[in-house]
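*Asks:* Show me how the following folds:
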Amino acid sequence: MSGLIGDKEKAKFIFFAVDDDAELPKKADMLNHFPDCKYNVYKAWGHFRSTFSDLEGMLHIKRNGVDAGRFWTSPRYISHAYRITTDCQPDSFFVMKYGNSLVGFYEISHEQLVELEKLLEYWRGFIELLDKMKETVKNFKLGKNAAALLKVSDNSMSNPDEEAIKQLFSNYGEQAAEQMVAKMKDWQSKVKWK
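*Replies:* Okay, here's the model as predicted:
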């Protein structure tokens, strides 16, 4: 269970990306746009940084697809989260005022965070598999060179069907990568508050 959500089943969040805390909404502004709300502010690099890291990993994969790689060092997409208790929907004036720093409005449950963790774990394994497949292609070339250097006769090494190898590995995993990115987008759609 994530402490970021608190002791409730799920929580509403407003995520921001700012360089300066002065760009964040103040209490009066929050109460103006979300009357009678209660909220807590969390920094992405604080106590709940692993949860923020998962959320940022999802955003990074969603934006970059397979090029996101393992995202061990994904860029900072979120600097702060406002966990808010309100029945009000975000209004367009709030969105306009903070649009440059606003990442999104989300309502996330503990189960959904576990689901995201699993998606990211599968993503990392998938990327590792793709990397190993790239190495396999290189190994065929190394095998051909080794057979020539050692002056041994083995057609499977010295004369592999390079066209078949290229055809097998050139688009390996692309459709699966697109489906994994789609799963990230689906997850994000499920947790969007607005």
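*Asks:* Remind me what the lengthiest helix in the chain packs against, helices and strands.
*Replies:* Longest helix in the chain, counting residues (DSSP state H): helix 110-150. Counting contacts by 3 or more Cβ pairs under 8 Å, 6 or more residues apart in numbering; DSSP states H and E, helix 110-150 packs against helix 49-64, helix 155-158, helix 162-169, helix 174-191. Where you see a C-beta, it was placed from the backbone N, CA and C, and this is true even at glycine.
*Asks:* Could you count how many residues lie near Asp67?
*Replies:* As a burial measure, Asp67 scores 9 neighbours (other Cβ atoms under 10 Å).
*Asks:* you'd agree it is in a strand?
*Replies:* No. With DSSP: H, G, I helix; E, B strand; the rest coil as the criterion, Asp67 is located in helix rather than a strand.
*Asks:* coming back round to it: could you give me the average pLDDT of the longest helix of the chain?
*Replies:* For helix 110-150, the mean per-residue pLDDT is 89.
*Asks:* Please apply the same query to stretch 21-36.
*Replies:* Averaged over stretch 21-36, pLDDT sits at 95.
*Asks:* And stretch 166-174, by the same measure?
*Replies:* Stretch 166-174 comes out at a mean pLDDT of 84.
*Asks:* So for that stretch, what gets flagged as buried?
*Replies:* Judged by neighbour count (16 or more other Cβ atoms under 10 Å), stretch 166-174 contains these buried residues: Gly173.
*Asks:* show me the residues around the spatially most central residue of the chain that make contact.
*Replies:* For the chain, the residue nearest the mean C-alpha position is Met58 (1.7 Å; Cα atoms, centre = their mean). By Cβ atoms under 8 Å, 6 or more residues apart in numbering, Met58 lies in contact with 116, 119-120, 184, 187-188.
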